[in-house]
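Peer 1: Fold the following, please.
(2 chains, ligands or ions: 3)
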Amino acid sequence: MKKKITFICNDENISIEINPALTVLDYLRDNKRLTGTKEGCREGDCGACTVIVGRLNGKRIVYQTINSCLLPIADLNGKHLVSIEGLNLDGLNIIQEQMVDEGGTQCGFCTPGFIISMTNYFINHSEYDPEKAALALDGNICRCTGYLGIRRAIQNVIAYLNSIPRKNSNQTDFLMKAQILPEYFSSIPKRLKTLSKEIQYDKPTEKKIKPRYVVSGGTDLFVQKWESLLESNVRFISGNEALKEIRKEGNTIFIGGAVTISEFENSPLIRKHLPEVTKYLNLFGSQPIRNRATIAGNIVNASPIADMTNILLALSANLNLTTNKKKRSLPLNEFYLGYKTLNKKEKEIIENISIEIPSKEHYFNYERISRRTYLDIASVNTAALIKSDGKRIIDISISAGGVAPIPLYLKSTCNFFKGKEINSDLVDEAAHYALSEISPISDARGSAEYKSLLLKQLLKAHFIKLFPQLIEVEVLV
Amino acid sequence: MTRKIVKSKYHFEPDLIETIGEVSIEEIKPWGSNDELKIIGKPTSRIDGAVKVSGEAVYTSDVILPNMVYAKILRSPHPNAQIKNIDTSEAEQLEGVLYILTYKNAPEIGWYYNTSYLFDKQVRYQGDEVACVAAESEKIAEDALHLIKVEYENLPFVTDAVEALKDNSPKVHEWGNLPRGNPDKYKRGDVEKGLKEADLVIEDTFTTQVVVHNTTEPHCSVAKWEGSKLTVWDSTQAIFNVRDSIAASLQIPASSVRVIKKYMGGGFGSKLEAGKYSVIAALISRKIKRPVKIVLDRREENLAVGNRPNSIQTLKAGVKKDGTLTALSHHSIGSIGAYPDGAGCSWPLRTIYKCENVSTEEYSVFTNTGKSRAYRAPGHVQGTFGLESLIDIAAEKIGMDPLEFRLKNYTDKDQVYNIPYTSKKLKDAYEKGANAIGWHRRNKVPGSSNGILKRGIGMATQIWWGGGGPPAYATLKLNRDGSVNVMAGTQDLGTGTYTFIAQVASEVLQLPIEKISITIGDTETCPYCGASGGSTTAASVAPAVRDAAEQMKAKLISGAAAILETSEEKLIYAEGIISVKNDPSKKITIHEIISKMRERVLVTTGARSANPEGYMINTFGAQFAEVEVDTFTGKVRVIKIVAAHDIGRVLNPKTLENQFHGGIIQGLGYALMEERKVDSNTGKVLTANLYSYLIPTIMDTPEIEVIIVSEGDSMISSVGAKGVGEPAIIPTAAAIAHAVYNAIGVRIKSLPITPDKVLNALTLIKR
Ligand SMILES: Cc1cc2nc3c(=O)[nH]c(=O)nc-3n(C[C@H](O)[C@H](O)[C@H](O)COP(=O)(O)OP(=O)(O)OC[C@H]3O[C@@H](n4cnc5c(N)ncnc54)[C@H](O)[C@@H]3O)c2cc1C
Ligand code: FES
Ligand code: FES
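Peer 2: Ligands and ions are numbered 1, 2, ... in the order given. The predicted structure is shown next:
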């Protein structure tokens, strides 16, 4: 089943009939023979395959890094794909030059991926912060350099860019002037607009063939079964604008079924009403993963340790499901029936997720511990939303991940807490109590005993962080 | 220039190699200090950098040839099994499948020192090769693998080295679970006597995990025949090893095989031996008469192409109250996987500290897991963790500063061979390193600082081989326009080989580096150099390049003397121009000389000189770590590492720093997160991807300060480099572990130091 896909690859307009589930990595390397984009793992874990994808947003293009090994070519429709070859000028640009001079490249296999991620950071920021720029490289693994040369290269590029006078030009124009982006970037908005008129988006006309898979960000599905995706009828929903919305009605926020972690993290609405929640999201996967991974996908994938799911459980989120004919709602904590078994019909998709905005009396905290701080799934995680008058617990909901076959809502622990006065003894007691509700197993991320121990610590951490004046740390350590 | 054949010794990894090599007779005067040099020792950006940052560099995995096909390997899902039958008929029917190789139709090619075959009916670990499918695309080959029906008879297996040593354990090979039937033993003096003389005897056990190289570019090979001539592009650290292995396997002359490796995505020891995939690609390609490409995937990387063995080390030390070591003993067990290799790790203990009474016993044990391979400082990384932990404990027990304790037991002599070192500046390294970290700031009582986040400082010592040795050759071609080609059969793994060769040629001939072009990694066009491993490449190859360049300079002077009708002694060479000493108006350029000689290219070949007799060449160093431990969650954060080393001459501070930073971060991964885990019930690897096998990211980097305390070692060679690839990784984990102890007051004796171990240890002391 081929599909027509129309996009711009670097400076070239492309329109091809192609298997829509083909990964952009394979397209670049095999079809286009552009081998600067490397394959290191095919699972989103190394960043050697990172590309930049630009999408038209009004008059401007919004560029993002994406792991091309997990990106179906279907999702390039109407977009601008940039690989390392698309960044090259006649000589080296300042990023490339600094990467060479500061020892940011050794064997060089990871290097195009780093240059791509660095360039994208500069495309998206007009004020630069070396630490944040480094964070934008959290999805790029280098086995040779030890990264310090890369960090210095970043600093030097920042110093260089800060030394160039800028009139209020937009960032892409500025980077062209600074000889970082090739000139053709200026033609992209117009060209994409023209292209977008030609594109036939996935119309429900193909409904007769029942899709075997629904792919959203693909960060789980392409890791788990890229080969069978190539052979199946697949419905791609990440481009579906109707599912992209984040809106507020009364006191409720609705998050569309195709909203990504990045979109959620950067949404002004979310930042205003759920500021505490967005704080932790830079620990979710890596920058390119967050640019693709969706909240609904995180929920449906049903990993017991999923971050967003854990957070949403504590926020008492509701799922609004739909088939073409029927809609229904249910609380997220009733969605999981057993290990990877869901209260969901095959045809149902999550149209949106709704959350009540917490009041001023609500306190939110999220804790996760992983062996590697960034780009690592947690061993144990827990979120807590506590309603309190500053002394007592009026209401509380706590989730716990990695300690049961499903993302867990700690129902009895919550009941145990309710109405009680907050102090160290209560927290200590409750943390012990929580162990009766969990059933961790030993695996690569830690032994069962360790996970129990860790959950206890993290439950205490909620209170140490949220109510420092009521807690004596020494009692809890 | 005249040559002779001499005996020379050098160490490649832990093997003492005695070679008979061809060297130049004329001794070239060793360079003085780097201050006297223009290019050597000066920060030089890598000359292969531009093609890497632009994505133009073509790695083996990028090679695409006309009519090329792809092959994928079917690997055993079982840890130990006998293949009863393989049925490939269904797979063959799949459209696009071109050829399938199994034990049934493959030639009997001995592998792993003839303990197995290229394709064997007996598979001994999850990942052992069972079949290979070549097809029009990688996807078709992959699909075909699923259609191959293999009947396995599962056999009892063992994945744990300690279990494998027991009498009733399943046997990985019929003859037992020790490759040579016995442990490797070493002894000097009398340990029992030494222990009796001691005021205190300390004994403890330390364990380290299996880690995997996980180079970013997987192992891969592309094979192409033209008539009887085979060309193989290979991601390898040893082009000549690969060439000879393939020639021997295929029973064709070595001259018919050309191995090319231009750029590669890392090696770290895992690409020192010829891979089965290279021979398989060549065999299938010969059969179907089309180029064949095999690229392993990340899972195969984690199963089948090597790892650093684990270790269970029990050490004993006899110590006097004044800190004198009276005896040291070491007993170690390590899993080498299913085929012969070594897991010994006692070299640091035999050599770092002055001690008369030493004994070691090393068990390298077969298990039904992926075979180990050399991994950046094999043996020394594990062994240093064990030894240095014991030394740290000993110092504390007698109430001595750990650094002072080490100085007390300093040795100026290699104690195994009882010969002096060519140079040893470890004392300087201790002193400068301690100053840089602020050694006095450490907790006088471990764990005594307040608060949830506790800081600590620790240190450890390293010793490694060094200096390289012959044979290593370089051919230099000088063109009329003063541009230079240098050819050497060595490899650049990202280590900077291209760059130092250009630097050496540029230094001697005083020609700009931009005019120098390097060809390495090609068995057909380059003279022989050894494998690139064990920090030997620069130390071996740089002197050969210098020799070639000095000969070229001599040739030019000789030519100029003939043309100018004067004697050679009266001429001086500067930047490609030769002039008469007292009459600078009389001069001649390279262009004129070569033109006059009616040549277009002048050629010289240089060789690495022999190592000095009766001396030991080693690198030395000390590393200091500062860490912060979150006692609430058990997480360790490394704040700073200071690395102070004696590595001979610094050829290029930039690429040197690269090697140190990279080695330290790999050591940090080893200390805190990397671990291959095998389920002992199923024999399967639980961490066969980068999602569960964790490598440090940019967010894990500490501050690093590199201090080099050495200059060129003129006893070794005309260049005086010892080597920098291995030293930095060796003491990193031990230094971090000691810093953790200094922070929290509980010693973690098993790597990696994960949050669960720290948290459990802290919980235990509270009880
Ligand atoms: C390198 C890497 C790092 C990661 N790190 C983290 C991490 O730190 N924390 C974490 O929690 N997760 C992590 N993940 C997992 C993954 O990114 C998340 O689970 C992600 O949120 C899944 O979303 P997706 O859109 O990519 O899902 P997809 O792969 O597209 O789909 C996953 C499942 O959800 C279904 N689905 C998607 N959208 C809908 C919908 N609207 N309605 C119904 N069904 C739907 C799909 O059919 C499929 O069954 C990581 C993954 C990778 C590859
Ligand atoms: S290939 Fe490793 S992230 Fe895509
Ligand atoms: S330079 Fe080798 S992996 Fe980064």
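
Peer 1: how close does the closest residue to B:Leu690 other than its chain neighbours get to B:Ser692?
Peer 2: Using C-beta to C-beta, 6 or more residues apart in numbering or on different chains and skipping the chain neighbours, the partner closest in space to B:Leu690 is A:Asp45 (3.6 Å). For glycine as for every other residue, the C-beta is placed from the backbone atoms N, C-alpha and C. A:Asp45 is 9 Å from B:Ser692, where distance means C-beta to C-beta, to the nearest Å.

Peer 1: Can you pick out the residue with more neighbours from those two?
Peer 2: A:Asp45 (26 against 20; other C-beta atoms under 10 Å in any protein chain shown).

Peer 1: Make sure the more buried one is actually in contact with A:Ile141.
Peer 2: Yes - assessed by C-beta atoms under 8 Å, A:Asp45 is found in contact with A:Ile141 at 7.2 Å.

Peer 1: what's the overlap in contacts for the two?
Peer 2: Listed as contacting both A:Asp45 and A:Ile141 by C-beta atoms under 8 Å, 6 or more residues apart in numbering or on different chains are B:Leu690.

Peer 1: List the contacts of the residue nearest to B:Leu690.
Peer 2: Residues near A:Asp45 by C-beta under 8 Å, 6+ apart: A:Ile141, A:Leu375, B:Arg298, B:Asn689, B:Leu690, B:Tyr691.

Peer 1: 7 Å instead?
Peer 2: Listed by C-beta atoms under 7 Å, 6 or more residues apart in numbering or on different chains, the contact partners of A:Asp45 are B:Asn689, B:Leu690, B:Tyr691.

Peer 1: From ligand 3, how far out is the residue of the stretch 651-767 of chain B found nearest chain A?
Peer 2: Going by C-beta to the nearest C-beta, chain A is nearest to B:His661 of the stretch 651-767 of chain B, at 3.0 Å. Using C-beta to the nearest ligand atom, to the nearest Å, we find B:His661 at a distance of 11 Å from ligand 3.

Peer 1: Run a quick neighbour tally on that residue.
Peer 2: B:His661: 25 surrounding residues under other C-beta under 10 Å.

Peer 1: just checking, next helix/strand downstream of the helix or strand containing it?
Peer 2: Secondary structure assignment for B:His661, by DSSP states H and E: helix B:653-672. The first helix or strand that comes after helix B:653-672 along the chain, using DSSP H and E, is strand B:678-679.

Peer 1: Return the distance of that next one from the chain's centre.
Peer 2: Offset of strand B:678-679 from its chain centre (C-alpha atoms, centre = their mean, to the nearest Å): 26 Å.

Peer 1: what's the answer for stretch B:432-445, then?
Peer 2: For stretch B:432-445 - counting by C-alpha atoms, centre = their mean - the centre lies 31 Å from the chain centre.

Peer 1: List the contacts of the helix holding B:His661.
Peer 2: With contact meaning C-beta under 7 Å, 6+ apart, helix B:653-672 is reached by A:103, A:106, A:144-149, B:43-46, B:211, B:376, B:381, B:495-496, B:499, B:636, B:638, B:641, B:643, B:650, B:695-696, B:700-701, B:704, B:706, B:724-725, B:728-729, B:732-733, B:736-737, B:751-753.

Peer 1: same question, stretch A:382-394
Peer 2: A:310-311, A:313-315, A:358, A:361-367, A:395-401, A:417-422, A:455, A:458-459, A:462, A:466.

Peer 1: Could I have the ChimeraX command that selects the buried members from those residues?
Peer 2: Applying 16 or more other C-beta atoms under 10 Å in any protein chain shown to those, the buried members can be selected in ChimeraX as follows:
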select /A:310,311,313,314,315,358,362,363,364,365,366,367,396,397,398,399,400,401,417,422,455,458,459,462,466
